[in-house]
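Trainee: sequence plus predicted model, see below.
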Amino acid sequence: MYESITIEQKFVEPFMNLVIGRKNVFEDIQYIDPAIYQSLIGLKKMPDEELEDMQQTFVIQDQLPGGRTKYVNLLCPSKPVKGT
């Protein structure tokens with residue numbers, strides 16, 4: 001309430017879930033970034049052969065000082081894990 005006027009706040013659904021103690025689910029990504037959500041849905045619907053051809057892994061690229069690049073495996077520290 002602001003100067004006797006009710007102002008309705010709309011928070012993004014995943015944030016509200018955290019506030020009220022509810023778990024977020026995969027579909028909640030669409031409220032944060034619709035483009036990423038659509039890309040992930042496309043990957044989920046893609047045939048296994050196409051996914052294999054894409055050679056996706058769970059790796060991030062980190063830029064280090066001096067222009068060096070470090071690759072960090074997100075699931076298995078010793079080797080890349082293929083996305084399926």
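Mentor: That came through fine.
Trainee: show me how this protein divides into domains.
Mentor: Annotated domains of the chain cover 1-45, 48-84 [automatic domain parsing].
Trainee: quick one: low-confidence parts of this protein?
Mentor: Residue ranges of the chain with pLDDT under 70: 1-2, 76-84.
Trainee: longest helix anywhere in it?
Mentor: In the chain, taking DSSP state H as the definition, the longest helix is helix 34-45.
Trainee: how far away from the center of its chain is that helix?
Mentor: Relative to its chain's centre, helix 34-45 lies at 10 Å (Cα atoms, centre = their mean, to the nearest Å).
Trainee: any buried residues in it, and which?
Mentor: Tyr37 (16 or more other Cβ atoms under 10 Å). C-beta coordinates here come from the backbone N, C-alpha and C atoms, glycine included.
Trainee: CA-only coordinates of whatever helix or strand comes next after that helix in PDB, if you can.
Mentor: With elements assigned by DSSP states H and E, the helix or strand that comes after helix 34-45 is helix 48-54. Extracted in PDB, the C-alpha atoms of helix 48-54 (Å, rounded to 0.1, in the frame of the first residue of the first chain):
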ATOM      1  CA  ASP A  48      18.700 -39.300 -30.200                       C
ATOM      2  CA  GLU A  49      20.600 -39.500 -33.500                       C
ATOM      3  CA  GLU A  50      20.500 -35.700 -34.000                       C
ATOM      4  CA  LEU A  51      21.600 -35.100 -30.400                       C
ATOM      5  CA  GLU A  52      24.500 -37.500 -30.800                       C
ATOM      6  CA  ASP A  53      25.500 -35.700 -34.000                       C
ATOM      7  CA  MET A  54      25.600 -32.400 -32.100                       C
END
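Trainee: picking up where we left off before, which outside residues touch the longest helix of the chain?
Mentor: Here helix 34-45 makes contact (Cβ atoms under 8 Å, 6 or more residues apart in numbering) with Phe26, Glu27, Ile29, Gln30, Leu51, Gln56, Gly83.
Trainee: no further questions, thank you.
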